[in-house]
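[1] structure, please.
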Amino acid sequence: MKTIAQRELRNDNAKVIDAVRAGETFIITRNGEPVAELVPVRAGRRVFVPRNELAALAGAGVRIDRHQFRADLDQQIDQSL
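    Numbering: from 1, shown residues only. You can find the predicted model right below:
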């Protein structure tokens with residue numbers, strides 16, 4: 001993953017787009033602060049979740065109350081089906 005300033009992206013956009021098409025990822029910065037990620041488009045559905053994404057989700061500490069979740073589903077889904 002490379003970092004590129006917004007002004008560099010503006011000046012070298014064709015070269016950056018070619019690099020993204022080749023599979024590279026860029027973090028775009030403004031005044032030295034990251035503001036966006038430029039990544040190649042993935043064709044089709046992802047078959048798996050990358051380990052780092054799964055770890056980030058698990059590390060967020062989100063807890064789901066299974067009883068409330070079930071109640072929410074029951075409220076939204078037509079039970080006569």
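
[2] low-confidence ranges in this structure?
    Low-confidence segments of the chain (pLDDT under 70): 43-46.

[3] next up, the contacts around the residue nearest to residue 29 when sequence neighbours are not counted.
    Distances taken as Cβ to Cβ, 6 or more residues apart in numbering put residue 5 closest to residue 29, at 5.4 Å, once the chain neighbours are dropped. (Glycine included, C-beta is placed from N, CA and C.) By Cβ atoms under 8 Å, 6 or more residues apart in numbering, residue 5 lies in contact with 28-30.

[4] need the buried ones from those residues selected in ChimeraX.
    A single ChimeraX command selects the buried members of those (16 or more other Cβ atoms under 10 Å):
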select :28,29
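
[5] between the contacts of residue 5, which sits nearest residue 79?
    Taking Cβ to Cβ as the measure, residue 79 lies nearest residue 28 of these, at 48.0 Å.

[6] once you drop chain neighbours, what's closest to the closest one?
    Counting by Cβ to Cβ, 6+ apart, the nearest residue to residue 28 once its immediate chain neighbours are dropped is residue 36, at 4.4 Å.

[7] now that neighbour. Its backbone dihedrals?
    Per-residue torsions, residue 36: phi -160, psi 160 (degrees, to the nearest 10).

[8] next one: residue 5
    Torsion angles, degrees, to the nearest 10, at residue 5: phi -70, psi 150.

[9] tell me how far the longest helix along the chain lies from the chain's centre.
    In the chain, assigned by DSSP state H, the helix with the most residues is helix 66-76. Computed by Cα atoms, centre = their mean, to the nearest Å, the chain-centroid distance of helix 66-76 equals 27 Å.
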